[in-house]
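Enquirer: pasting the structure only:
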């Protein structure tokens with residue numbers, strides 16, 4: 001069985017670090033913590049799990065911190081987690097089993113679940129490089145949204161990592177780092193440019209985000225998945241500026257990079273709904289339900305877009321055009337995907353009320 005070093009970078013994570021380490025400790029043979037300046041009890045808690053807690057001076061560079069933590073590893077493979085990540089008991093067993101069957105793998109991709117429904121089921125996920133053979137060439141690159149530059153022989157594992165953030169505010173740290181990078185005259189890679197544009201969107205700097213993301217796409221050097229994501233973010237920028245035609249065109253331009261994705265179709269449907277073009281919206285929602293998921297392409301997968309989201313919106317569309325029977329059928333279908341969804345439960349009551357009113361109306365006429 002291969003041995004595994006868990007390497008983490010942390011700062012002021014006293015509320016979640018114990019949850020993370022407790023969830024994964026039985027699968028790893030060594031835990032290494034690089035603390036980048038905590039002033040709470042993070043290090044004190046970490047020392048309960050490992051003696052290998054190091055101070056690392058923060059330099060506005062996540063890659064530098066991750067590379068430092070990796071340099072302290074001594075086991076066969078290195079795994080990284082963030083402090084607000086969690087490994088469920090089921091996935092802990094899969095991770096332990098994976099250690100027995102790594103073969104010649106240099107890099108192992110594991111699914112990363114980052115959003116969840118009301119019952120804790122993943123609704124948004126993607127694969128990330130998660131385990132690395134310690135002796136294989138690899139290096140983190142990028143001040144923010146860092147990634148491994150070289151992976152070698154890459155395989156996919158079935159264990160999953162859940163990102164369970166408790167943060168309620170999205171700070172300016174990442175945007176500030178990109179602005180600093182630009183001010184210093186450092187080269188921005190296509191990946192940097194994409195994430196910089198996305199940070200601008202998060203902070204409602206829509207005009208600047210549009211400029212940066214358009215330049216990113218025009219450059220032509222971006223990774224396919226980032227190109228598609230840039231089209232989605234561009235569309236959201238235009239929608240926020242109430243420019244619905246441009247929002248739709250931005251989504252349509254994603255078809256240059258790949259066949260339609262379900263989330264793109266759903267977004268197009270929502271734009272058309274907002275324009276009161278419900279018959280046209282129906283086309284895109286119905287198409288979304290027919291499309292296959294390509295989870296191992298590296299794509300960001302909005303799982304609801306392949307079932308729940310188109311169904312709940314088709315319910316609305318058919319209701320708006322007066323086809324209540326079909327609308328109710330789609331609501332029931334949405335309930336098969338998410339039976340505790342507030343929208344589904346609200347619609348159940350809505351359709352019950354319609355039937356009750358019809359019975360009352362018929363009774364009144366008959367009498």
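Expert: In hand now; what should we look at? Keep in mind it's a predicted model, so treat the numbers as computed, not measured.
Enquirer: report the longest strand in the chain, please.
Expert: Longest strand in the chain by number of residues (criterion: DSSP state E): strand 122-133.
Enquirer: mind listing the strands for this protein?
Expert: Under DSSP E, the chain gives strands at 4-10, 30-35, 53-55, 77-80, 85-86, 107-116, 122-133, 140-141, 147-148, 154-163, 301-302.
Enquirer: for the third one, packing partners?
Expert: The helices and strands touching strand 53-55, judged by 3 or more C-beta pairs under 8 Å, 6 or more residues apart in numbering; DSSP states H and E, are strand 30-35. (Glycine included, C-beta is placed from N, CA and C.)
Enquirer: Low-confidence ranges, the stretch 1-150 of the chain, go.
Expert: Within the stretch 1-150 of the chain, no stretch has pLDDT under 70.
Enquirer: For residue 244, list the residues it contacts.
Expert: Taking C-beta atoms under 8 Å, 6 or more residues apart in numbering as the criterion, residue 244 is in contact with 238, 271, 274-275.
Enquirer: and with 6 Å instead?
Expert: By C-beta atoms under 6 Å, 6 or more residues apart in numbering, residue 244 lies in contact with 271, 275.
Enquirer: which residue sits closest to residue 10, ignoring its sequence neighbours?
Expert: Counting by C-beta to C-beta, 6 or more residues apart in numbering, residue 83 is the residue found nearest to residue 10 once chain neighbours are left out, at 4.9 Å.
Enquirer: The one you found contacts residue 17, doesn't it?
Expert: Yes. The pair residue 83 / residue 17 is scored as a contact, 4.7 Å apart, by C-beta atoms under 6 Å.
Enquirer: where do the contact lists of these two overlap?
Expert: Residues touching both residue 83 and residue 17 (C-beta under 6 Å, 6+ apart): none.
Enquirer: before we move on, the earlier item: just put the strands of the chain in JSON lines and tack on mean neighbour count and distance to residue 340.
Expert: Below are the strands of the chain laid out as JSON lines (neighbours: other C-beta atoms under 10 Å; distance: least, C-beta to C-beta, whole Å):
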{"stretch": "strand 4-10", "mean neighbour count": "25", "distance to residue 340": "34"}
{"stretch": "strand 30-35", "mean neighbour count": "22", "distance to residue 340": "37"}
{"stretch": "strand 53-55", "mean neighbour count": "16", "distance to residue 340": "41"}
{"stretch": "strand 77-80", "mean neighbour count": "24", "distance to residue 340": "33"}
{"stretch": "strand 85-86", "mean neighbour count": "20", "distance to residue 340": "21"}
{"stretch": "strand 107-116", "mean neighbour count": "19", "distance to residue 340": "12"}
{"stretch": "strand 122-133", "mean neighbour count": "20", "distance to residue 340": "13"}
{"stretch": "strand 140-141", "mean neighbour count": "18", "distance to residue 340": "40"}
{"stretch": "strand 147-148", "mean neighbour count": "18", "distance to residue 340": "36"}
{"stretch": "strand 154-163", "mean neighbour count": "17", "distance to residue 340": "19"}
{"stretch": "strand 301-302", "mean neighbour count": "22", "distance to residue 340": "19"}
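Enquirer: Run a quick neighbour tally on residue 75.
Expert: 17 (other C-beta atoms under 10 Å).
Enquirer: Quickly note the distance from it to residue 25.
Expert: Distance, residue 75 to residue 25, by C-beta to C-beta, to the nearest Å: 14 Å.
Enquirer: list the contacts for the nearest residue to residue 111 once chain neighbours are set aside?
Expert: Closest residue to residue 111 apart from its sequence neighbours, by C-beta to C-beta, 6+ apart: residue 160 at 4.4 Å. Going by C-beta under 6 Å, 6+ apart, residue 160 touches 91, 111, 113.
Enquirer: Retrieve the pLDDT associated with residue 160.
Expert: pLDDT, residue 160: 98.
Enquirer: The strands of the chain into CSV, with extra columns for distance to residue 326?
Expert: Compiled in CSV, the strands of the chain are given as follows (distance: least, C-beta to C-beta, whole Å):
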stretch, distance to residue 326
strand 4-10, 51
strand 30-35, 55
strand 53-55, 60
strand 77-80, 48
strand 85-86, 40
strand 107-116, 29
strand 122-133, 25
strand 140-141, 51
strand 147-148, 45
strand 154-163, 36
strand 301-302, 24
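Enquirer: Before I go, just wanted to say thanks for your time.
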